[in-house]
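Asker: Sequence and predicted structure, then a few things I'm wondering about:
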Amino acid sequence: MLAKDFGGTSDPYAKIFLDGEAKAKTQTVNKTLNPKWNEVFALPYVANNRLSKMIRVILYDNDYGKSDDVLGQIDINVSQLKRYTDQTTPEAEWVPLEAHKNRAKVRGDVKVIAWIGQ
């Protein structure tokens with residue numbers, strides 16, 4: 001993850017979007033380049049009477065009093081998610097950050113566990 005603050009760190013948080021609509025936001029982790037959120041979000045698989053298609057997670061650097069810097073994003077295709085039950089355990093996957101809206105400098109990976117529940 002790129003450092004966006006003067007001290008050589010960032011204050012990262014993530015916003016989770018489902019089909020382009022913001023659905024959740026993590027807590028901000030101050031002064032780090034290796035945030036650990038360990039947060040769980042349940043998103044509707046069916047929204048507006050149709051199956052959801054894309055989960056986008058955008059990472060930001062929280063800039064107090066200014067507009068937040070974008071650190072990168074990941075996209076998760078809902079159709080590729082596995083279905084899990086109470087007897088199985090979802091697996092974590094490292095997903096590389098991608099540039100958001102053609103911003104060139106991006107560095108890092110995000111560890112994600114995403115699945116379709118019962």
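Answerer: Cool, the structure landed. Numbers count the residues shown, from 1 in each chain.
Asker: Need the three-state assignment for the residue at the greatest distance from the centre of the chain.
Answerer: Within the chain, residue 87 marks the point farthest from the mean C-alpha position, 26.2 Å out by C-alpha atoms, centre = their mean. Secondary structure for residue 87, judged by DSSP: H, G, I helix; E, B strand; the rest coil, is coil.
Asker: what sits against the most centrally placed residue in the chain?
Answerer: The residue lying closest to the centre of the chain (C-alpha atoms, centre = their mean) is residue 57, at 3.0 Å. When contacts are counted by C-beta atoms under 8 Å, 6 or more residues apart in numbering, residue 57 is found next to 14, 15, 16, 17, 73, 74, 75, 76, 110, 112. Heads up, the C-betas are built off the backbone N, CA and C, glycines and all.
Asker: now residue 93, which residues is it bridged with?
Answerer: Beta-bridge pairing of residue 93 under DSSP bridges involves residue 112.
Asker: ok, it - how many residues close by?
Answerer: Counted with other C-beta atoms under 10 Å, residues neighbouring residue 93 total 13.
Asker: coming back round to it: residue contacts, the residue farthest from the centre of the chain?
Answerer: Residues in contact with residue 87 (C-beta under 8 Å, 6+ apart): none are found.
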